[in-house]
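[1] A predicted structure for the sequence below; I have some questions about it.
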Amino acid sequence: MPAIPTKHYATELERQLRGLLGHEQIVTQAYGRHLLIKRLDDEEPTVVARLTDLGRNSYSAAFRSHTGRWEPLPGTGSLDEMSELVVTLLQPYLQPDNY
């Protein structure tokens, strides 16, 4: 899997999430076929969720539970659709601690 497109999608996802959430305390990282979604806290970024590339502009989403396990979120869709789904379902977890 080429690194440049994955990095491009991570950057696009970060832009979308920041716009939907209304703050800059979110960063994304390409990690294999996943796009990690991290909340910036006072110490180090906390991984909250991830999107997994299913191919053909389709993604699934998962939430990182307090146990560290990945819990799937419902549905699949485009990057745009999944960024909206993640914000809708996980907005409280995506707010910075000092917000």
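    Sure thing, it's come through.
[2] so what's residue 26 up against?
    14, 17-18, 37-40, 94 (C-beta atoms under 8 Å, 6 or more residues apart in numbering). To be clear about C-beta, it is placed using only N, CA and C from the backbone, and glycine gets the same treatment.
[3] Give me the subset of the residues you listed that lies in helices.
    Counting by DSSP state H, the part of the contacts of residue 26 found in helices is 14, 17-18.
[4] contacting residues for residue 53?
    1, 6, 9, 33-35, 59.
[5] Any of these buried? List them.
    Neighbour-count burial (16 or more other C-beta atoms under 10 Å) is assigned, among these, to 6, 9, 34-35, 59.
[6] Now the residue positioned nearest the centre of the chain. Nearest residue, chain neighbours left out?
    When C-alpha atoms, centre = their mean is applied to the chain, the residue found nearest the centroid is residue 37 (3.2 Å). Distances taken as C-beta to C-beta, 6 or more residues apart in numbering place residue 49 nearest to residue 37, at 4.4 Å, with adjacent residues excluded.
[7] Can you point out the buried residues in the lowest-mean-pLDDT helix or strand in the chain?
    One helix or strand of the chain scores below all others by mean pLDDT, DSSP states H and E: helix 3-21, with a mean of 89. Applying a neighbour-count criterion of 16+ other C-beta under 10 Å, one finds 6, 9-10, 13-14, 16-17, 20-21 buried in helix 3-21.
[8] So which elements touch that helix?
    When contacts are defined as 3 or more C-beta pairs under 8 Å, 6 or more residues apart in numbering; DSSP states H and E, helix 3-21 sits against strand 26-31, strand 34-39, strand 46-55, helix 79-90.
[9] what angle do the second one and helix 3-21 make?
    Spelled out, it's strand 34-39. Using axes from the mean of the first three to the mean of the last three C-alpha atoms, to 10 degrees, the direction of strand 34-39 lies 40 degrees away from that of helix 3-21.
[10] No further questions, thank you.
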